[in-house]
Structures are given as C-alpha cells and as structure tokens.
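Turn this into a structure:
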Amino acid sequence: MLKEERHAYILHQVNLHNKVLSSHLSEQIQVSEDTIRRDLAELAQEGKIIKVHGGALSNSFHLGITSQDVYAVEDKKTIALKAVQLIQDGMFVLTTGGTTIAELARMLPKDLQATFITVSLPAAFEYANHPNIEVIVIGDKLAKGSKITVGGEAISKIKMIKADLCFLGNNAMDANDGLTDNDWEVVQVKRAMISTSKKVVVLSISEKLDTAEQLKICDVEEIDILITELPPNSKKLQPYRKKGIQIL
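Next up, the predicted model:
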C-alpha cells in the first residue's frame, strides 16, 4: 500500500470506529507499527485525527458530538428516528454514548416523560436539555477517549438497575462474532448493561456490520433489536434476522 492509500484507509477506520489501535492497523495493512505510528503522527499534524497513546481518535468524536463533521450523520439521524418510536412514557432507559445516541437524545418528543440513565457525559448534557425527562448519570472514572464512565463502581451501579430498554452504540458487529469493541473497560460496561436490561437495542450504521474488533461483548443472540439506516428487508440484514434479532 502506498502512503496515500494507507492514510486514506486509516482515516476511514478512525471515522468509522471513532477509535483505532496501532497494533490492529498494523495487522490489517500488514506494515510495521513504526510505520503506522508515523502515519498517525502525520495525519494528526494535518489536523485530521487526534493521536493518543497506542492509536488515534476521530476528530468529531473527540471534539464533541455537536461537531458539524460527524461521520454519516444523516444515517445516524435515520436510526435515531426509528429508535425514538420504541420509547414510552414511564420507561427507564439505559444508554451508552456516541454520536448516534446524541441524535436520539435530540429527537426525543418534548412531551415524553421517562427516566434516562447513562454513563456518557455528552449524552447526559443532551438529555438535560429535554423539559420532562429525568436524567441519572452513573459516575466513576471517566474514559477520556469515549467520554463514558468506566470501572468497578460504575458496573456495580449499573447492575442495580432494571432497565426497560438499553440502547447500545456499536463499534463492530458480526452475525457470527457477535458484538465487539477495542476498549476493555467499555466492553465491561456494555456487558453489565446487557445483563440488567429487559430489552437490548443496538444502534448501528450498516457499514459497521460484518466487522469485528478484538474484544467480545456478547453473542448476537443476546441482542433483541438491531436498528440501522437500511430498510428492514435489506439483504445485508438477513444474517442477523436469521439469528432471531428483530430488525428495524
């Protein structure tokens, strides 16, 4: 791969997954980690990514979920519009963070009366703008990359909740490999959320389907509903429907 091709590939992966690891990119592109580190340094110098220890973050994810250059924002708005229809008055709703969750928060009906519980500071700020919903923020150590609270205390608090709905942002999902991520602490938080919720809903742009990261969150059979921007009868979604997941 030429350097320009590597840079284009890296930039796409960063925007798609919000966070990438140098070691993973090295395996994917089949070049040394030193080469990847130099590529990341150049892209960061150009202002295209945020370089961090061991990898990189997306500019839109790092600078704030109100950023104008959020990746695939129109698709995420479509997903959020579908997701809002699942929420009813009186529900306890547990959410992670991310740009799709932010779009969901902005689309909540003004007359909705529900309780939203989140580990995400940006999501909490969006929920706080709503006139009628109660907002509970689960505190612990803040993971700066994902802007969510992680750690033993956060997980213990999550397990005390019996949520009606759990909305999970998605990093990678595959019909056989399940739901996966590249951040150990985020994985533990999402596992706890799944274990304590009556219904688990994954919000994902279709481009993140049929992909996998290194750390497993759960099998797809533990997911009740998958929401993408695609029509529910799309061929790409058939493997997930066959696993018993409701597709919206």
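
which phi and psi does the closest residue to residue 214 other than its chain neighbours have?
Distances taken as CB to CB, 6 or more residues apart in numbering place residue 182 nearest to residue 214, at 5.8 Å, with adjacent residues excluded. Yep, even glycine has a C-beta here, placed from its N, CA and C like the rest. Here is the backbone geometry of residue 182 (degrees, to the nearest 10): phi -120, psi 10.

burial of residue 182, as a residue count?
Residue 182 has 20 neighbours, counted by other CB atoms under 10 Å.

Do I have it right that it meets residue 23?
No - using CB atoms under 8 Å, residue 182 is not in contact with residue 23; the gap is 9.7 Å.

my guess is residue 198 contacts residue 161, does it?
No - under the criterion of CB under 8 Å, residue 198 makes no contact with residue 161, lying 10.8 Å away.

quick one, which of these two is more surrounded?
Taking residue 198 and residue 161 together and counting by other CB under 10 Å, residue 161 has the greater number of neighbours (17 against 12).

which ones are touching that one?
Residue 161 makes contact with 92, 94, 117, 196, according to CB atoms under 8 Å, 6 or more residues apart in numbering.

tell me the SS of it?
Taking DSSP: H, G, I helix; E, B strand; the rest coil as the rule, one finds residue 161 in the coil state.

any idea how far it lies from residue 93?
Residue 161 sits 10 Å away from residue 93 when distances are taken as CB to CB, to the nearest Å.

same thing with residue 178?
23 Å.
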